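Novice: Okay, sequence plus prediction incoming.
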Amino acid sequence: MRTWRVGTFSMGLSLLLLGVFLLLSQILEWDITTALKLWWPVILVVLGLEILLYLFLSKQEKPYLNFDIFSILIVGILGTAGILMVFLQTSGFIDLIQDEIKKEERTLDLPAYEQNISNDINRVVVEGDGIGQLKVDGTNERNVSLFGTYRQDSSLEKIAKLEDYVTTSHKGDTLYIRVKERPYQTSTFYSDYSNMDATLLVPTDVQLEIINLNSNLSINPRGLKSDWKVSGAGELDIDIQETNNVMVSVENTQVENGENQNWSFVKEAEDTDEYESTEDDTTYNGNYKKGKADHHIYVFNSALLQLNDKK
């Protein structure tokens, strides 16, 4: 006579119902977290029903329960693992892992921006925080151009058109250029990024303001005929070898190798206590003059300035 072991039938039924539920959850897009919350309570309910059924059908005067503990544990563990796998799949985590495995970095060309500017535009303002490295060159043409490359993970969408990374507007005598930050994802297990390396050409007779780009800049004014301003930059390299009659003024900015150049400035050491690092946290307010200094390059609140001037 075959012995009824409590747990065998109920666990088989539980697996059958769970399999049907997981299948339907994929097809009908049900919330899988519901199964994750209810799985163990359902096991207890089904197991309790089987115990009651056994006691009701048993012909023994004092029924003795035989439990299939192994089946109960295995079914509980397998069911939990199955629910977790479906949960990870529906939440997109498994897709992220697959993307991470297949991911590669690509360097692509930025859609170029080119704008002829009329004589009534006397000022160009560049702002935003979407560029990793920006090179600014002066030009004698009445034309503003922005071009370059960008490097990003293959999982991100390509920059298909100009509007994907920059917007421009003309207000009064000013042309505004705003660089957009590229979308990115980051988490404990996954991250992607997009980094731009761009070149901006600006007429030398137009005022230029670069505001809070938070990126590294390389500037060559090439015979500057107006005033340029930079604020909120990272590392800044200014090359005035081809520019005469210019003054470079800094405020709240460190100057690399400033003591060995013809600077006139006042150091302003930041407040520190005896427990803090003794690294050089000195910022500078001062000027570097070349020729008659008819035109100005102002640098405000930037991390580090390196000035190149071949005498």
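Specialist: Noted; the coordinates are in hand.
Novice: need the helices for the stretch 1-150 of the chain, in chain order.
Specialist: For the stretch 1-150 of the chain, applying DSSP state H, counting those that start in this stretch gives helices covering 8-28, 32-57, 69-90, 93-102.
Novice: Show me which positions of the first one end up buried.
Specialist: Same thing as helix 8-28. Using 16 or more other CB atoms under 10 Å as the test for burial, helix 8-28 gives Thr8, Phe9, Ser10, Met11, Ser14, Leu15, Leu18, Phe21, Leu22, Ser25. No exception for glycine: its C-beta is placed from N, CA and C like everyone else's.
Novice: Which pLDDT value goes with the fourth one?
Specialist: The reference is to Met11. Note for Met11: predicted pLDDT of 71.
Novice: circling back to that earlier point, mean pLDDT lowest for which of the helices of the stretch 1-150 of the chain?
Specialist: Here these differ in mean pLDDT, and the lowest is helix 93-102 at a mean of 67.
Novice: ok so, going back, which two of the buried residues of helix 8-28 have the greatest separation?
Specialist: Thr8 and Ser25 (26.1 Å; CB to CB).
Novice: burial of Glu256, as a residue count?
Specialist: As a burial measure, Glu256 scores 13 neighbours (other CB atoms under 10 Å).
Novice: got a pLDDT number for the residue nearest to it when sequence neighbours are not counted?
Specialist: Distances taken as CB to CB, 6 or more residues apart in numbering put Gln306 closest to Glu256, at 4.5 Å, once the chain neighbours are dropped. pLDDT, Gln306: 92.
Novice: Between the two ends of stretch 104-120, how far is it?
Specialist: Stretch 104-120 has an end-to-end distance of 46 Å (CA to CA, to the nearest Å).
Novice: Checking Ala233 next. Helix, strand or coil?
Specialist: coil (DSSP: H, G, I helix; E, B strand; the rest coil).
Novice: Can you report how many residues lie near it?
Specialist: Ala233: 24 neighbours (other CB under 10 Å).
Novice: Kindly report the same for Asn116.
Specialist: Asn116: 10 neighbours (other CB under 10 Å).
Novice: ok, the closest residue to it other than its chain neighbours - contacts?
Specialist: Leaving out its chain neighbours, the residue that sits closest to Asn116 by CB to CB, 6+ apart is Asn143, at 5.4 Å. Contact partners of Asn143, counting by CB atoms under 8 Å, 6 or more residues apart in numbering, are Glu114, Gln115, Asn116, Ile117, Leu201, Pro203.
Novice: contacting residues for the last one?
Specialist: Looking back up the chat, that one is Pro203. Counting by CB under 8 Å, 6+ apart, Pro203 touches Ile117, Gly138, Thr139, Asn140, Glu141, Arg142, Asn143, Val144.
Novice: Now with 6 Å, please.
Specialist: Pro203 sits next to Thr139, Arg142 when contact means CB atoms under 6 Å, 6 or more residues apart in numbering.
Novice: now the fourth one
Specialist: For Ile117, the contacting residues are Arg142, Val144, by CB under 6 Å, 6+ apart.
Novice: Next, it: phi, psi?
Specialist: phi -110, psi 140 (degrees, to the nearest 10).
Novice: how close does it get to Leu201?
Specialist: Plainly put, Ile117 is 11 Å away from Leu201 if you go by CB to CB, to the nearest Å.
Novice: Need the residues touching each of these two.
Specialist: Counting by CB under 6 Å, 6+ apart, nothing touches both Ile117 and Leu201.
Novice: shaky segments in the stretch 101-250 of the chain?
Specialist: Applying pLDDT under 70 to the stretch 101-250 of the chain flags the ranges 101-103, 130, 155, 183-194.
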